[in-house]
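Visitor: compute the structure for the input listed below.
(2 chains)
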Amino acid sequence: MAAFEQLYRWHVGRIYALSLRMAGDPVAADELTQEVFVRAWEKLGSYRADAAFSTWLHPLAVHVLLGDRRSTGRRLARVEPVAEADVIGGPAPSAGDALDLDRALATLPDRARQVFVLHEVEGWSHGEVAAAMGTTVGTAKGQLHRARALLRRFLS
Amino acid sequence: MSPDDAIDPLNEADAGIDPALARAVAALPREIDPPRDLWPGIASRIAPTRWWSRPGVWLAAAAVIVAIGASALTAAWQKREEPVEMATADWERDLDRASAELRSALASQRDKIDPATLAVVDENLRIIDRAVDDIRGALASDPDDEDLRRTLVAVNEQKITLLRRALALPRGP
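Guide: I've put the predicted structure just below:
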(Lines give C-alpha, C1' and ligand atoms only; values in the text may rest on other atoms or scores of the structure.)
Protein backbone atom coordinates (compact mmCIF):
# COMPACT_ATOMS: atom_id res chain seq x y z
CA MET A 1 0.00 0.00 0.00
CA ALA A 2 3.02 2.25 0.42
CA ALA A 3 3.40 2.37 -3.35
CA PHE A 4 -0.19 3.47 -3.80
CA GLU A 5 0.15 6.09 -1.09
CA GLN A 6 3.08 7.51 -3.02
CA LEU A 7 0.91 7.71 -6.10
CA TYR A 8 -1.73 9.51 -4.06
CA ARG A 9 0.85 12.03 -2.80
CA TRP A 10 2.01 12.75 -6.33
CA HIS A 11 -1.42 13.21 -7.87
CA VAL A 12 -3.73 14.45 -5.13
CA GLY A 13 -3.20 18.14 -5.93
CA ARG A 14 -4.26 17.66 -9.51
CA ILE A 15 -7.26 15.50 -8.64
CA TYR A 16 -8.39 17.77 -5.84
CA ALA A 17 -8.25 20.80 -8.14
CA LEU A 18 -10.35 18.95 -10.69
CA SER A 19 -12.80 17.74 -8.06
CA LEU A 20 -13.14 21.20 -6.56
CA ARG A 21 -13.90 22.78 -9.90
CA MET A 22 -16.24 20.05 -11.07
CA ALA A 23 -18.16 19.87 -7.79
CA GLY A 24 -18.10 23.56 -6.95
CA ASP A 25 -17.51 23.21 -3.25
CA PRO A 26 -14.71 22.04 -0.98
CA VAL A 27 -16.72 19.61 1.12
CA ALA A 28 -17.81 17.67 -1.92
CA ALA A 29 -14.31 17.94 -3.39
CA ASP A 30 -12.84 16.24 -0.32
CA GLU A 31 -15.24 13.36 -0.59
CA LEU A 32 -14.94 13.03 -4.35
CA THR A 33 -11.15 13.11 -4.28
CA GLN A 34 -11.17 10.21 -1.86
CA GLU A 35 -13.66 8.39 -4.03
CA VAL A 36 -11.43 8.84 -7.09
CA PHE A 37 -8.46 7.25 -5.35
CA VAL A 38 -10.51 4.42 -3.90
CA ARG A 39 -11.86 3.71 -7.39
CA ALA A 40 -8.35 3.95 -8.82
CA TRP A 41 -7.19 1.39 -6.27
CA GLU A 42 -9.98 -0.96 -7.25
CA LYS A 43 -9.17 -0.61 -10.95
CA LEU A 44 -5.41 -0.45 -10.68
CA GLY A 45 -5.10 -3.84 -12.26
CA SER A 46 -6.32 -2.35 -15.55
CA TYR A 47 -3.51 0.19 -15.67
CA ARG A 48 -0.81 -0.54 -18.20
CA ALA A 49 2.54 1.04 -17.55
CA ASP A 50 3.01 1.99 -21.20
CA ALA A 51 1.19 5.27 -20.50
CA ALA A 52 1.67 7.89 -17.83
CA PHE A 53 -0.28 7.16 -14.68
CA SER A 54 -1.89 10.59 -14.85
CA THR A 55 -3.14 9.78 -18.36
CA TRP A 56 -4.93 6.78 -16.93
CA LEU A 57 -6.10 8.43 -13.73
CA HIS A 58 -7.55 11.59 -15.21
CA PRO A 59 -10.40 10.11 -17.30
CA LEU A 60 -11.16 7.76 -14.43
CA ALA A 61 -11.47 10.76 -12.12
CA VAL A 62 -13.80 12.57 -14.51
CA HIS A 63 -15.91 9.44 -14.79
CA VAL A 64 -16.17 9.23 -11.02
CA LEU A 65 -16.92 12.93 -10.65
CA LEU A 66 -19.61 12.95 -13.31
CA GLY A 67 -21.03 9.61 -12.25
CA ASP A 68 -21.36 10.76 -8.71
CA ARG A 69 -23.19 13.92 -9.65
CA ARG A 70 -25.41 12.10 -12.14
CA SER A 71 -26.35 9.10 -10.09
CA THR A 72 -27.18 10.74 -6.83
CA GLY A 73 -28.00 14.27 -7.75
CA ARG A 74 -26.72 15.22 -4.37
CA ARG A 75 -25.22 18.50 -3.51
CA LEU A 76 -23.82 17.47 -0.14
CA ALA A 77 -23.27 20.59 1.89
CA ARG A 78 -22.68 22.84 -1.04
CA VAL A 79 -24.48 26.11 -1.38
CA GLU A 80 -26.97 26.21 -4.20
CA PRO A 81 -25.75 28.11 -7.23
CA VAL A 82 -26.79 31.69 -7.09
CA ALA A 83 -29.25 32.97 -9.63
CA GLU A 84 -27.81 34.36 -12.83
CA ALA A 85 -29.05 37.82 -11.89
CA ASP A 86 -27.05 37.61 -8.67
CA VAL A 87 -23.95 36.73 -10.63
CA ILE A 88 -24.43 39.66 -12.90
CA GLY A 89 -25.08 42.05 -10.05
CA GLY A 90 -22.49 40.67 -7.66
CA PRO A 91 -19.09 42.03 -6.84
CA ALA A 92 -16.82 42.46 -9.81
CA PRO A 93 -13.41 41.03 -9.03
CA SER A 94 -10.53 41.85 -11.28
CA ALA A 95 -10.36 39.83 -14.47
CA GLY A 96 -7.58 37.28 -14.71
CA ASP A 97 -7.59 36.51 -11.02
CA ALA A 98 -7.53 32.72 -10.75
CA LEU A 99 -9.02 32.76 -7.28
CA ASP A 100 -11.92 34.85 -8.51
CA LEU A 101 -12.48 32.54 -11.43
CA ASP A 102 -12.61 29.56 -9.09
CA ARG A 103 -15.15 31.44 -7.00
CA ALA A 104 -17.13 32.31 -10.09
CA LEU A 105 -17.07 28.69 -11.27
CA ALA A 106 -18.61 27.60 -8.00
CA THR A 107 -21.63 29.77 -8.68
CA LEU A 108 -22.44 28.23 -12.06
CA PRO A 109 -25.16 25.66 -12.59
CA ASP A 110 -23.68 22.15 -12.36
CA ARG A 111 -23.81 21.16 -16.01
CA ALA A 112 -22.54 24.48 -17.30
CA ARG A 113 -19.68 24.43 -14.81
CA GLN A 114 -18.68 20.86 -15.67
CA VAL A 115 -18.68 21.52 -19.41
CA PHE A 116 -16.64 24.67 -18.93
CA VAL A 117 -14.09 22.93 -16.70
CA LEU A 118 -13.66 19.97 -19.02
CA HIS A 119 -13.44 22.02 -22.21
CA GLU A 120 -11.70 25.22 -21.19
CA VAL A 121 -9.65 24.15 -18.19
CA GLU A 122 -8.90 20.53 -18.99
CA GLY A 123 -8.73 20.93 -22.76
CA TRP A 124 -11.22 18.25 -23.74
CA SER A 125 -12.86 18.49 -27.16
CA HIS A 126 -16.59 19.13 -27.49
CA GLY A 127 -17.05 15.50 -28.54
CA GLU A 128 -15.13 14.18 -25.56
CA VAL A 129 -17.09 16.36 -23.17
CA ALA A 130 -20.41 15.33 -24.68
CA ALA A 131 -19.51 11.65 -24.51
CA ALA A 132 -18.33 11.86 -20.91
CA MET A 133 -21.47 13.68 -19.86
CA GLY A 134 -23.81 11.45 -21.81
CA THR A 135 -25.21 14.25 -23.90
CA THR A 136 -24.97 15.64 -27.43
CA VAL A 137 -22.30 17.94 -28.75
CA GLY A 138 -24.91 20.60 -29.36
CA THR A 139 -26.13 20.48 -25.79
CA ALA A 140 -22.58 20.60 -24.46
CA LYS A 141 -21.85 23.62 -26.62
CA GLY A 142 -24.97 25.30 -25.36
CA GLN A 143 -23.88 24.74 -21.77
CA LEU A 144 -20.45 26.07 -22.62
CA HIS A 145 -21.95 29.21 -24.09
CA ARG A 146 -24.02 29.70 -20.98
CA ALA A 147 -21.03 29.21 -18.71
CA ARG A 148 -18.88 31.62 -20.68
CA ALA A 149 -21.57 34.28 -20.64
CA LEU A 150 -22.06 34.02 -16.88
CA LEU A 151 -18.36 34.02 -16.16
CA ARG A 152 -17.74 36.92 -18.49
CA ARG A 153 -20.29 38.95 -16.61
CA PHE A 154 -18.88 37.87 -13.29
CA LEU A 155 -15.36 38.86 -14.23
CA SER A 156 -16.18 42.06 -16.08
CA MET B 1 -32.73 40.49 -25.00
CA SER B 2 -29.13 40.56 -23.88
CA PRO B 3 -26.29 40.47 -26.41
CA ASP B 4 -25.48 36.92 -25.30
CA ASP B 5 -29.02 35.78 -26.02
CA ALA B 6 -28.76 37.09 -29.57
CA ILE B 7 -25.84 34.76 -30.33
CA ASP B 8 -26.24 31.25 -31.62
CA PRO B 9 -24.74 29.20 -28.76
CA LEU B 10 -23.33 26.57 -31.09
CA ASN B 11 -21.50 29.10 -33.21
CA GLU B 12 -20.39 31.04 -30.17
CA ALA B 13 -19.00 27.90 -28.56
CA ASP B 14 -16.95 27.28 -31.68
CA ALA B 15 -15.83 30.89 -31.89
CA GLY B 16 -13.50 30.53 -28.94
CA ILE B 17 -13.22 31.92 -25.48
CA ASP B 18 -13.18 35.59 -24.61
CA PRO B 19 -9.54 36.76 -24.21
CA ALA B 20 -10.01 38.06 -20.67
CA LEU B 21 -11.69 34.82 -19.64
CA ALA B 22 -8.96 32.84 -21.36
CA ARG B 23 -6.35 34.69 -19.33
CA ALA B 24 -8.21 33.90 -16.13
CA VAL B 25 -8.39 30.23 -17.11
CA ALA B 26 -4.69 30.18 -17.92
CA ALA B 27 -3.94 31.61 -14.48
CA LEU B 28 -5.78 28.81 -12.69
CA PRO B 29 -3.41 26.61 -10.69
CA ARG B 30 -3.13 23.09 -12.08
CA GLU B 31 -2.88 21.70 -8.59
CA ILE B 32 -4.58 22.64 -5.34
CA ASP B 33 -3.65 20.99 -2.09
CA PRO B 34 -6.68 19.75 -0.17
CA PRO B 35 -7.15 21.52 3.15
CA ARG B 36 -6.47 18.28 5.00
CA ASP B 37 -4.69 15.02 4.37
CA LEU B 38 -7.20 12.75 2.66
CA TRP B 39 -4.99 9.67 2.69
CA PRO B 40 -6.13 8.27 6.08
CA GLY B 41 -9.71 8.18 4.81
CA ILE B 42 -8.64 6.49 1.60
CA ALA B 43 -6.43 3.99 3.41
CA SER B 44 -9.24 3.04 5.75
CA ARG B 45 -11.48 2.28 2.80
CA ILE B 46 -9.03 0.21 0.81
CA ALA B 47 -7.47 -1.67 3.72
CA PRO B 48 -10.48 -3.97 4.27
CA THR B 49 -10.01 -5.28 0.73
CA ARG B 50 -7.00 -7.26 1.98
CA TRP B 51 -4.68 -5.75 -0.55
CA TRP B 52 -1.91 -8.14 0.43
CA SER B 53 -4.02 -11.01 -0.78
CA ARG B 54 -4.46 -9.40 -4.18
CA PRO B 55 -1.08 -9.61 -5.86
CA GLY B 56 -2.46 -8.19 -9.07
CA VAL B 57 -3.23 -4.93 -7.31
CA TRP B 58 0.07 -4.80 -5.50
CA LEU B 59 1.94 -5.59 -8.68
CA ALA B 60 0.11 -2.94 -10.58
CA ALA B 61 0.97 -0.35 -7.96
CA ALA B 62 4.57 -1.45 -8.11
CA ALA B 63 4.54 -1.30 -11.88
CA VAL B 64 3.22 2.25 -11.77
CA ILE B 65 5.99 3.29 -9.43
CA VAL B 66 8.49 1.65 -11.72
CA ALA B 67 7.09 3.47 -14.71
CA ILE B 68 7.33 6.78 -12.90
CA GLY B 69 10.79 6.07 -11.55
CA ALA B 70 11.94 4.92 -14.94
CA SER B 71 10.58 8.06 -16.56
CA ALA B 72 12.80 10.08 -14.23
CA LEU B 73 15.72 8.08 -15.47
CA THR B 74 14.69 8.52 -19.06
CA ALA B 75 15.57 12.20 -19.03
CA ALA B 76 19.19 11.26 -18.57
CA TRP B 77 19.06 8.22 -20.73
CA GLN B 78 18.67 9.90 -24.12
CA LYS B 79 16.41 7.70 -26.16
CA ARG B 80 18.54 4.62 -26.33
CA GLU B 81 16.03 2.15 -25.08
CA GLU B 82 15.89 -1.14 -26.92
CA PRO B 83 13.11 -3.65 -26.59
CA VAL B 84 13.80 -6.49 -24.24
CA GLU B 85 14.17 -9.46 -26.53
CA MET B 86 14.03 -12.72 -24.68
CA ALA B 87 13.56 -16.26 -25.82
CA THR B 88 9.98 -17.33 -25.69
CA ALA B 89 10.84 -20.74 -24.36
CA ASP B 90 11.09 -20.96 -20.62
CA TRP B 91 10.53 -17.23 -20.43
CA GLU B 92 10.62 -16.90 -16.70
CA ARG B 93 13.94 -18.64 -16.30
CA ASP B 94 15.53 -16.53 -19.02
CA LEU B 95 14.23 -13.38 -17.43
CA ASP B 96 15.61 -14.41 -14.07
CA ARG B 97 19.00 -15.05 -15.60
CA ALA B 98 19.04 -11.76 -17.49
CA SER B 99 17.96 -9.92 -14.39
CA ALA B 100 20.72 -11.49 -12.32
CA GLU B 101 23.34 -10.59 -14.91
CA LEU B 102 22.20 -7.01 -15.15
CA ARG B 103 22.04 -6.69 -11.40
CA SER B 104 25.57 -7.94 -11.11
CA ALA B 105 26.69 -5.43 -13.73
CA LEU B 106 24.95 -2.64 -11.87
CA ALA B 107 26.57 -3.69 -8.59
CA SER B 108 30.00 -3.37 -10.19
CA GLN B 109 29.30 0.16 -11.35
CA ARG B 110 27.44 1.64 -8.42
CA ASP B 111 30.21 4.04 -7.53
CA LYS B 112 29.99 5.62 -10.98
CA ILE B 113 26.29 6.38 -10.88
CA ASP B 114 24.78 9.51 -9.41
CA PRO B 115 23.69 8.67 -5.83
CA ALA B 116 20.26 10.24 -6.24
CA THR B 117 19.61 8.24 -9.39
CA LEU B 118 20.90 5.13 -7.71
CA ALA B 119 18.50 5.67 -4.84
CA VAL B 120 15.58 5.76 -7.28
CA VAL B 121 16.79 2.59 -8.95
CA ASP B 122 17.27 0.81 -5.65
CA GLU B 123 13.84 1.81 -4.36
CA ASN B 124 12.17 0.61 -7.52
CA LEU B 125 14.08 -2.64 -7.44
CA ARG B 126 12.97 -3.21 -3.88
CA ILE B 127 9.36 -2.67 -4.91
CA ILE B 128 9.68 -5.02 -7.85
CA ASP B 129 11.37 -7.70 -5.80
CA ARG B 130 8.61 -7.54 -3.24
CA ALA B 131 6.05 -7.80 -6.02
CA VAL B 132 7.86 -10.79 -7.48
CA ASP B 133 7.91 -12.47 -4.07
CA ASP B 134 4.19 -11.82 -3.66
CA ILE B 135 3.26 -13.28 -6.97
CA ARG B 136 5.53 -16.27 -6.59
CA GLY B 137 3.87 -16.95 -3.27
CA ALA B 138 0.49 -16.82 -4.96
CA LEU B 139 1.72 -19.07 -7.76
CA ALA B 140 2.95 -21.61 -5.25
CA SER B 141 -0.62 -22.14 -4.15
CA ASP B 142 -2.13 -21.74 -7.60
CA PRO B 143 0.47 -22.79 -10.17
CA ASP B 144 -2.04 -22.95 -13.02
CA ASP B 145 -3.07 -19.30 -12.77
CA GLU B 146 -2.02 -17.95 -16.14
CA ASP B 147 -2.84 -14.37 -15.23
CA LEU B 148 -0.45 -14.52 -12.32
CA ARG B 149 2.24 -16.05 -14.53
CA ARG B 150 1.82 -13.39 -17.20
CA THR B 151 1.98 -10.67 -14.57
CA LEU B 152 5.16 -12.16 -13.17
CA VAL B 153 6.73 -12.07 -16.61
CA ALA B 154 5.62 -8.46 -17.14
CA VAL B 155 7.06 -7.34 -13.82
CA ASN B 156 10.33 -9.12 -14.51
CA GLU B 157 10.48 -7.42 -17.90
CA GLN B 158 10.08 -4.10 -16.17
CA LYS B 159 12.88 -4.97 -13.82
CA ILE B 160 15.13 -5.68 -16.75
CA THR B 161 14.15 -2.46 -18.47
CA LEU B 162 14.90 -0.54 -15.31
CA LEU B 163 18.28 -2.21 -14.89
CA ARG B 164 19.22 -1.62 -18.50
CA ARG B 165 18.32 2.03 -18.24
CA ALA B 166 20.35 2.39 -15.09
CA LEU B 167 23.33 0.75 -16.75
CA ALA B 168 23.00 3.00 -19.79
CA LEU B 169 23.08 6.20 -17.76
CA PRO B 170 26.04 8.51 -18.35
CA ARG B 171 28.93 7.62 -16.07
CA GLY B 172 31.04 9.96 -14.02
CA PRO B 173 34.82 10.10 -14.44
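Visitor: low-confidence ranges, chain B, go.
Guide: B:1-15, B:47-95, B:146-148, B:150, B:169-173 (pLDDT under 70).
Visitor: tell me the contacts of the residue in it positioned nearest to chain A?
Guide: Residue nearest to chain A within chain B (CB to the nearest CB): B:Glu31, separated by 3.1 Å. Using the backbone N, CA and C atoms, a C-beta is placed for each residue, glycine as well. Residues in contact with B:Glu31 (CB atoms under 8 Å, 6 or more residues apart in numbering or on different chains) are A:Gly13, A:Arg14, A:Tyr16, A:Ala17.
Visitor: what's the farthest-apart pair in those?
Guide: The most widely separated members of those, counting by CB to CB, are A:Arg14 and A:Tyr16 (7.4 Å).
Visitor: give me the more crowded residue out of those two.
Guide: A count of neighbours by other CB atoms under 10 Å in any protein chain shown puts A:Tyr16 above the other of A:Arg14 and A:Tyr16, at 23 against 17.
Visitor: can you name every helix or strand that whatever helix or strand the more buried one lives in contacts?
Guide: A:Tyr16 belongs to helix A:2-23 when assigned by DSSP states H and E. Packing partners of helix A:2-23 (3 or more CB pairs under 8 Å, 6 or more residues apart in numbering or on different chains; DSSP states H and E): helix A:26-42, helix A:53-72, helix A:98-106, helix A:110-116, helix B:39-46, helix B:55-77.
Visitor: same thing but 7 Å
Guide: If contacts are counted by 3 or more CB pairs under 7 Å, 6 or more residues apart in numbering or on different chains; DSSP states H and E, helix A:2-23 sits against helix A:26-42, helix A:53-72, helix B:39-46, helix B:55-77.
Visitor: distance of A:Pro109 relative to A:Leu44?
Guide: Distance check for A:Pro109 against A:Leu44: by CB to CB, to the nearest Å, it reads 34 Å.
Visitor: the two: which is more packed in?
Guide: Comparing A:Pro109 with A:Leu44 by other CB under 10 Å, the one with more neighbours is A:Leu44, at 25 against 16.
Visitor: how close does that one get to chain B?
Guide: Using CB to the nearest CB, to the nearest Å, A:Leu44 is found at 4 Å from chain B.
Visitor: OK, now which residue of chain A is nearest to chain B?
Guide: For chain A, CB to the nearest CB, closest residue to chain B: A:Gly13, 3.1 Å.
Visitor: wait, that residue touches B:Pro34, no?
Guide: No: with contact defined as CB atoms under 7 Å, A:Gly13 does not reach B:Pro34; the gap is 8.0 Å.
Visitor: higher neighbour count, those two?
Guide: A count of neighbours by other CB under 10 Å puts B:Pro34 above the other of A:Gly13 and B:Pro34, at 19 against 16.
Visitor: no more questions from me, cheers.
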